[in-house]
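[1] Can you look at this prediction? I've put the sequence above it.
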Amino acid sequence: MRRVLADRLLHQCIDLVVEPLKQAAHLGIMMSDPQGFSRYCFTPLVAYVVDTPEELVIACATMNSLPVTMATRKDFGDPIRHPPRNGSSTLANITAIIASISPSDLVAACKRYNLNGVDLLFWRNWLAANPSSFLTPELLHHLHKMFWGHNCLWCTLVVGSQEIDFHFALLQVCTGYHAFKEGISTLKQATG
């Protein structure tokens, strides 16, 4: 319950901070362009850069699902392209849950839909906001994890650790970069 309350508080705080942007998305606002001319502008939510746990909170998804698609843990790794996690379907599920149960049962009912129990999402009334569109990966950690957790592991399984180590040992040493003279298969931890 503590996690759900923290998630709700996060959405409430973000909602307060971005309210002027949401108003500008609906009504528009006069802003200056780089040449100093006034332009009538709108502010849609186009990108929210966070790492995966925060993406789940923003998308109102549970830890056993993905923030941008409807895939759940049992679907991870399958070749099927799962439908995007649309904001409209998330909001419709929350509305249906709230209408059918008592407030004390909200969190348990949300779990059945792979929702985290937040009922007032900050993006609910932001024009054209859709988590599957605006959530973007935090590149440092996502690419780092993708390389070490997937690509490097796959290459090592295919050609063997001795072959990978041999090729890394052959790389020419460049000034300012670390050389792996012993290879990379014995690394216990790699940081970005």
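    Received the coordinates, thanks. Being a predicted model, the structure only gives us computed values, none of them experimental.
[2] Tell me which stretches of this structure form strands.
    Defined through DSSP state E, the strands belonging to the chain, from first to last, are 29-32, 38-41, 48-50, 135-137.
[3] Just send those strands back as a markdown table, with distance to Pro84, mean neighbour count and mean pLDDT too.
    In short, each C-beta sits where N, CA and C put it, glycine included. As requested, these are exported to a markdown table (distance: least, Cβ to Cβ, whole Å; neighbours: other Cβ atoms under 10 Å; pLDDT from 0 to 100):
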| stretch | distance to Pro84 | mean neighbour count | mean pLDDT |
| --- | --- | --- | --- |
| strand 29-32 | 29 | 12 | 94 |
| strand 38-41 | 27 | 10 | 94 |
| strand 48-50 | 15 | 15 | 89 |
| strand 135-137 | 10 | 17 | 85 |
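[4] closest to His82 out of these?
    For the strands of the chain, the distance to His82 is smallest for strand 135-137, at 15.0 Å, taking Cβ to Cβ.
[5] next one: the closest one to chain centre, how far?
    For strand 135-137, the distance from its own C-alpha centre to the chain's C-alpha centre is 5 Å (Cα atoms, centre = their mean, to the nearest Å).
[6] Now do it: which elements does it pack against?
    Other elements packing on strand 135-137 under the criterion 3 or more Cβ pairs under 8 Å, 6 or more residues apart in numbering; DSSP states H and E are strand 48-50, helix 52-59.
[7] What strands line up against that strand, and which way round?
    Each strand pairing with strand 135-137, determined using DSSP bridges, is listed with its direction: strand 48-50 (parallel).
[8] Out of the helices and strands packed on strand 135-137, which one sits most buried?
    Burial of the helices and strands packed on strand 135-137 is given as mean neighbour count (mean count of other Cβ atoms under 10 Å); helix 52-59 ranks first at a mean of 19.
[9] And the helices and strands packed on strand 135-137: which comes nearest Val4?
    Closest approach to Val4 among the helices and strands packed on strand 135-137 (Cβ to Cβ): helix 52-59, 10.1 Å.
[10] what packs against that closest one?
    helix 2-27, helix 131-134, strand 135-137.
[11] Can you say which of these is packed in most?
    Most buried of the helices and strands packed on helix 52-59, by mean neighbour count (mean count of other Cβ under 10 Å): helix 131-134, with a mean of 20.
[12] which non-adjacent residue is nearest the residue most central in space within the chain?
    The residue lying closest to the centre of the chain (Cα atoms, centre = their mean) is Glu55, at 3.2 Å. Take Glu55 and drop its neighbours on the chain: the residue closest to it by Cβ to Cβ, 6 or more residues apart in numbering is Pro67, 3.8 Å away.
[13] The one you found: what's it in contact with?
    The contact partners of Pro67, taken as Cβ atoms under 8 Å, 6 or more residues apart in numbering, are Thr52, Glu55, Leu56, Ile58, Ala59, Ala61, Arg85, Pro131, Leu135.
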